[in-house]
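Colleague: Have a look; sequence and predicted model below, questions after that.
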Amino acid sequence: MQNIKIYIKHLLLLGITLVTTTLAGAQWMNLQVFDFQSWGELWRGNFTFHADNFWKAHHYSLPFLFILTVHEFGHYFTARYYKLKVTLPFYMPLWLGNTGITIGTLGAYIRIKSPFPSRKSYFDVGIAGPLAGFVAALGVLFYGFTHLPPPEFIFTIHPEYQQYGLDYAHHVYQSLPPNTGLMMGTNLVFEFFKTYIADPERLPNPYEIMHYPYLMAGYWALFFTALNLIPIGQLDGGHILYGLIGAKKHRKVTFVLFLGFMTYSGLGLFSPQDDWEWLKWSPVYVWFLYVCFLKAVPHWKWSVLIAVSIFGIQFGISWLFPDAIGFQGWLIFGLILGRFLGIYHPVAPLEVPLDRKRQILGWLALIIFILCFTPFPVRVV
């Protein structure tokens, strides 16, 4: 009976996440599923539901959740191979309604309730998910890039573009008011598909990629793959790096990587070009950095020194190179890593180096991280 309740819980979370990702996909595809002005109206039932648009949006949600599920079950089956006590995936739904665009989920995770016996087991469980998910994402992207609709498809989304014909890009985007346009980022995998697989005549404009569901499903799947492969702490990439170089070296390397990650993320947040406006919020930002590093160093004074140093380096880079800008959204993830998840990796009881085959796979996974990583996932222009 207890097992049935657990299965129902997992299936319920999966079902809700399927709904929220479908609703998010409808927003990306510019399809209206609900007509309502406030959450109160939705709660009271004062809305119109467009079923056809809801079903069309499954072209985003199903491939996206398929990749996410393949990733998590890569971890799950490998953990079962090592006879670890492990849960089925917990899916995390998220939809903000008409108040904003989300991808419909915060991802998924499994819980491993027994200790890892060895460095090899950490490595194998850590690498299985990203490798499986990456292969699934490549399949979705291959389908998406080889089944692009004709370029005139964009006129079904933006009929106002039709007056300019297929040369609309030279007219539309230059006239956009500041901070009203949304442009998706790119990564090396995307660039490969755009250059060598897709029909160049059918490639969507970077401003319009969000309207192509299979491309968006693959794009966000690569984003999650890269996020998990960041070689810090107990992320999948942290497990992989720990397996490759061991606990002592990992502790040093992950600290340097976290420093670089936080330094890049905050670039351009405070600039001397802003006159003296930067003075207002810079103490709050330095305190934020202090909190991020507090658990990573043995004494709070070191955290103060690191926070001030990072702020000084970022400010100096902005002074010398005004166009150097990081993605401030990564700062939130840095806070989660530094303050809650931790940037260091636990030591396994059996610290035996990996065999040559696993070493090759480990470095391949870190290459996949580079291929999937998007410095600017979304740009507001």
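Modeller: Alright, I've got the coordinates. Numbering: from 1, shown residues only.

Colleague: Doesn't residue 379 lie inside a strand?
Modeller: Yes - under DSSP: H, G, I helix; E, B strand; the rest coil, residue 379 falls within a strand.

Colleague: From residue 327, how far off is the residue nearest to it when sequence neighbours are not counted?
Modeller: Of all residues not flanking residue 379 in the chain, residue 183 sits nearest, at 4.5 Å (CB to CB, 6 or more residues apart in numbering). Placement of C-beta: from N, CA and C, glycine included. In this structure, residue 183 and residue 327 are 13 Å apart, going by CB to CB, to the nearest Å.

Colleague: Repeat that for residue 219.
Modeller: For residue 219 relative to residue 327 (CB to CB), the value is 15 Å.

Colleague: Comparing those two, which shows the higher neighbour count?
Modeller: residue 219 (27 against 19; other CB atoms under 10 Å).

Colleague: before we move on, back to that, the residue nearest to residue 379 should be in a strand, yeah?
Modeller: Yes - under three-state DSSP, residue 183 falls within a strand.

Colleague: Wait, it touches residue 207, no?
Modeller: Yes - assessed by CB atoms under 8 Å, residue 183 is found in contact with residue 207 at 5.2 Å.

Colleague: joint contacts of these two?
Modeller: By CB atoms under 8 Å, 6 or more residues apart in numbering, residue 183 and residue 207 have no common neighbours.

Colleague: returning to that earlier point: number of nearby residues for the residue nearest to residue 379?
Modeller: Neighbours around residue 183, by other CB under 10 Å: 17.

Colleague: And for residue 106?
Modeller: 14.

Colleague: secondary structure class for residue 107?
Modeller: Residue 107 - assigned by three-state DSSP - is strand.

Colleague: Break down the stretch 151-300 of the chain into its helices, ranges please.
Modeller: Assignment of helices within the stretch 151-300 of the chain using DSSP state H, counting those that start in this stretch yields the ranges 154-157, 169-172, 188-192, 213-229, 236-265, 278-293, 300-320.

Colleague: list the contacts for the closest residue to residue 143 other than its chain neighbours?
Modeller: Of all residues not flanking residue 143 in the chain, residue 214 sits nearest, at 5.9 Å (CB to CB, 6+ apart). Taking CB under 8 Å, 6+ apart, we find residue 214 in contact with 59, 60, 63, 140, 141, 143, 144, 147.

Colleague: and of the residues you listed, the nearest to residue 261?
Modeller: residue 141 (26.0 Å; CB to CB).

Colleague: and that closest one, how many neighbours?
Modeller: Using other CB under 10 Å: residue 141 sits among 25 other residues.

Colleague: And residue 273, by the same measure?
Modeller: 11.

Colleague: I'd like to know how far the closest residue to it other than its chain neighbours sits from residue 286.
Modeller: Nearest residue to residue 273 in three dimensions, chain neighbours excluded: residue 322, at 5.8 Å (CB to CB, 6+ apart). To residue 286, residue 322 is 21 Å away according to CB to CB.

Colleague: Compare the two and say which is more crowded by neighbours.
Modeller: A count of neighbours by other CB under 10 Å puts residue 286 above the other of residue 322 and residue 286, at 17 against 12.

Colleague: residues touching the nearest residue to residue 190 once chain neighbours are set aside, list them.
Modeller: Sequence neighbours aside, residue 219 is the residue nearest to residue 190 in space, at 6.8 Å (criterion: CB to CB, 6+ apart). Shown in contact with residue 219 (CB under 8 Å, 6+ apart): 184, 190, 209.

Colleague: quick one: pLDDT of the last one?
Modeller: Read that as residue 209. pLDDT, residue 209: 91.

Colleague: Which residues are in contact with it?
Modeller: 184, 215, 216, 219.

Colleague: For the second one, list the residues it contacts.
Modeller: So that's residue 215. Here residue 215 is in contact with 141, 144, 145, 204, 209 (CB under 8 Å, 6+ apart).

Colleague: switch to 10 Å and redo it
Modeller: Residues counted as contacts of residue 215 (CB atoms under 10 Å, 6 or more residues apart in numbering) are 28, 60, 140-141, 143-145, 148, 184, 190, 193-194, 198, 203-204, 209.

Colleague: Just the buried subset of the residues you listed, please.
Modeller: Among the contacts of residue 215, the ones that count as buried by 16 or more other CB atoms under 10 Å are 28, 60, 140-141, 144-145, 148, 184, 190, 193-194, 198, 203-204, 209.

Colleague: if we can go back for a sec, is the residue nearest to residue 273 in a helix, a strand, or coil?
Modeller: Applying three-state DSSP: residue 322 is coil.

Colleague: on that earlier part again, and of the contacts of residue 209, the nearest to residue 350?
Modeller: Nearest to residue 350 among those, with distances taken as CB to CB, is residue 219, at 38.9 Å.

Colleague: Pull up the gap between that closest one and residue 375, please.
Modeller: Per CB to CB, residue 219 is found 14 Å from residue 375.

Colleague: Now the common contact residues for the two.
Modeller: What both residue 219 and residue 375 touch, as defined by CB under 10 Å, 6+ apart, is the set 185, 186, 187.
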